[in-house]
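> One predicted model, sequence on top.
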Amino acid sequence: MPLKKLQLKPGVNRENTRYTTEGGWYESDKVRFRQGMPEKIGGWERISANTFLGVCRSLWNWITLGKQNLVSVGTSLKYYIERGGAYNDITPIRLTTAAGDVTFAAVNTSPILTVSDTNHGAIAGDFVTFSGAASLGGAITAAVLNIEYEITTVINGDSYTITAAVNANGSDTGNGGASTVGAYQLNTGSATGVPFTGWGAGTWGQGTWGNGGITTSPIRLWSQSNYGEDLVFAYRGGPLCYWAANTGVTVRGKVIDTTNYPTSTDVPSIVNFVTVSDIYRFVFCFGANTLGTVVQDPMLIRWSDQEDVFNWTPSATNFAGSQRLSRGTEIITARQARQEVLVWTDAALYSMQYEGGDAVWSVQLLGDNISIASQNATAYAGSTAYWMGRDKFYRYDGTVMTLPCNVKRYVFNDINTEQFNQVIAGTNEGFNEVWWFYPSAGVTTNDRYVVY
């Protein structure tokens, strides 16, 4: 019997059964298709032996004018800048106490210290650094106290506990003295979404009477963009922050407010997403608080004056302004495209284009009745935007279209919808690929991928 060459179709098709997918591939793992043939995907190489705290949700790479190659790393607990394999903690300080506001109390034979500080504003898992503290009299020396601590438990709004590296002894009867200062970093966030039900969960009318709806607490998601060689960044629901490259990677970023930058005006205090336009360098805050209030509007876009990250007061002599979108309930994400800024809400896609004049930026609706899985579910390559929705994949190259997908049912019938915010997209330019990582049903961390 003569040999017959088998010509299998490239790609994986899970829309049919194994038997009806004759002449094709039904499932695969860690392979790609090049020129119609399967090929093993290469492995991963660790960038450094060093580690960071928390689960990473954001990576941003750029090179400074001094040719430093930097990567910012936003995690559930902190914000870092990686340089040369070292992770430098630049998490901004949200509160610095006056000297003597912080006192300590120890219990003999226990490493647990109770810290008293009125209106500390901390939550369990936050980080605080003490300085100026004196020995408690025994094993809890000044060297033990004057370091960074992770807060173990919060007793109430005026006290919490930390865990020292050593046990206290009977001589530790002091309170740390009158010079102790506490520097509290930005509140930490959750690594995974935590579903909860009952009164206050979900929207009005969702769920049965007395049970409320079912919703999921948010995870810590960061957004960032370069302002020249500097960095503007924020976590979802947090303040706008700034890091100046000329201060060095060992210096923390700062919240942009009048305390840290006295000349700043009307800077948004609550931000869901931040980016900087390539054209004329405007800083955009999406889902920001309305001007003059601390009330967040999840559909509001605010932008700074041109080339001025510190001036957000609209006037006849500058270009600061705002625009509220109408389709959807919240802005999910945004991305700089070739000649526009693309903005996704939970129900629509918009385009923002610079036009100058009184309007400064014009907004145009590109697509309606769409969805998006998460803030990080978009990728941009070859003048085309790709993103994962909640039940299909999309692309935009001038027109919003559904992306053909032979594994759609396989992906969306086995995905943890309570962890949609963990979906993340990326591109592999060397192989013309877009990747999405997502958690399968019942799993709380990303354990699956799909490649286009």
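Looks like it came in fine. Residues are numbered from 1 along each chain as shown.
> Do you have the helices of this protein handy? List them.
In the chain, the segments counted as helices under DSSP state H are 142-145, 408-412.
> so how far is residue 277 from residue 226?
11 Å (Cβ to Cβ, to the nearest Å). All C-beta atoms are positioned from the backbone trio N, CA, C, and that covers glycine.
> go on, residue 143?
Residue 143 sits 48 Å away from residue 277, going by Cβ to Cβ.
> The two: who's more crowded?
Taking neighbours as other Cβ atoms under 10 Å, residue 143 and residue 277 compare with residue 277 leading, 20 against 10.
> returning to what we had before: got TSV for the helices of the chain, with mean pLDDT and distance to residue 51 too?
Below are the helices of the chain laid out as TSV (pLDDT from 0 to 100; distance: least, Cβ to Cβ, whole Å):
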stretch	mean pLDDT	distance to residue 51
helix 142-145	98	24
helix 408-412	96	31
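> Would you convert these into CSV that also reports distance to residue 69?
Listed next are those as CSV, based on distance: least, Cβ to Cβ, whole Å:
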stretch, distance to residue 69
helix 142-145, 36
helix 408-412, 35
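> wait, which of those is closest to residue 402?
Taking Cβ to Cβ, helix 408-412 is the member of the helices of the chain nearest to residue 402, at 9.5 Å.
> Just the CA coordinates for that closest one, please, in CSV.
What follows is helix 408-412, C-alpha atoms only, in CSV (Å, rounded to 0.1, in the frame of the first residue of the first chain):
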residue,chain,number,x,y,z
LYS,A,408,-15.1,29.9,22.0
ARG,A,409,-17.4,27.4,23.7
TYR,A,410,-14.5,25.6,25.3
VAL,A,411,-13.1,28.8,26.8
PHE,A,412,-16.3,30.5,27.9
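> which residues are in contact with that helix?
Outside helix 408-412, the residues that touch it by Cβ atoms under 8 Å, 6 or more residues apart in numbering are 14, 15, 390, 391, 392, 393, 405, 438, 448, 450.
> at 6 Å what do you get?
Outside of helix 408-412, the residues within contact range by Cβ atoms under 6 Å, 6 or more residues apart in numbering are 14, 391, 450.
> next one: stretch 188-198
In contact with stretch 188-198 (Cβ under 6 Å, 6+ apart) are residues 55, 76-77, 125-126, 212, 214, 216-217, 219-220, 418-419, 421, 444.
> which regions of the chain lie under the pLDDT threshold?
Residues of the chain meeting the criterion pLDDT under 70: 1, 196-215.
> Considering the contacts of stretch 188-198, which possesses the most neighbours?
Once you tally neighbours by other Cβ under 10 Å, residue 220 ends up highest among these, having 25 neighbours.
> How about it: what's its closest non-neighbour residue?
residue 189 (2.5 Å; Cβ to Cβ, 6 or more residues apart in numbering).
> Need phi/psi at that neighbour.
phi -120, psi -180 (degrees, to the nearest 10).
> Distance check, it against residue 39.
Relative to residue 39, and taking Cβ to Cβ, residue 189 is found at 39 Å.
> Between the two, which has more neighbouring residues?
residue 189 (24 against 11).
> Quick one: neighbours of residue 248, just the number.
Neighbourhood size, residue 248 [other Cβ under 10 Å]: 12.
> How are the strands of the stretch 301-450 of the chain distributed by residue range?
Per DSSP state E, counting those that start in this stretch, the stretch 301-450 of the chain carries strands over the ranges 321-324, 331-336, 341-345, 348-356, 360-368, 378-381, 384-388, 393-396, 400-402, 424-428, 433-438, 448-451.
> which residues does the nearest residue to residue 64 once chain neighbours are set aside contact?
Using Cβ to Cβ, 6+ apart and skipping the chain neighbours, the partner closest in space to residue 64 is residue 229 (4.3 Å). With contact set as Cβ under 6 Å, 6+ apart, residue 229 has these partners: 64, 65, 245.
> Could I have the buried ones of those residues as PyMOL selection syntax?
Per 16 or more other Cβ atoms under 10 Å, the buried members of these correspond to this PyMOL selection:
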select buried, resi 64+245
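> which one of the contacts of residue 229 is nearest residue 138?
residue 245 (44.5 Å).
> doesn't residue 64 make contact with the closest one?
Yes. Under the criterion of Cβ atoms under 6 Å, residue 245 makes contact with residue 64 at 4.8 Å.
> how much space between the residue nearest to residue 64 and residue 69?
Noted for residue 229: a distance of 12 Å to residue 69, by Cβ to Cβ.
> CSV please, covering the contacts of helix 408-412 and showing neighbour count and distance to residue 384.
Output for the contacts of helix 408-412, formatted as CSV (neighbours: other Cβ atoms under 10 Å; distance: Cβ to Cβ, whole Å):
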residue, neighbour count, distance to residue 384
14, 18, 24
391, 14, 21
450, 19, 17
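> Good, wrapping up.
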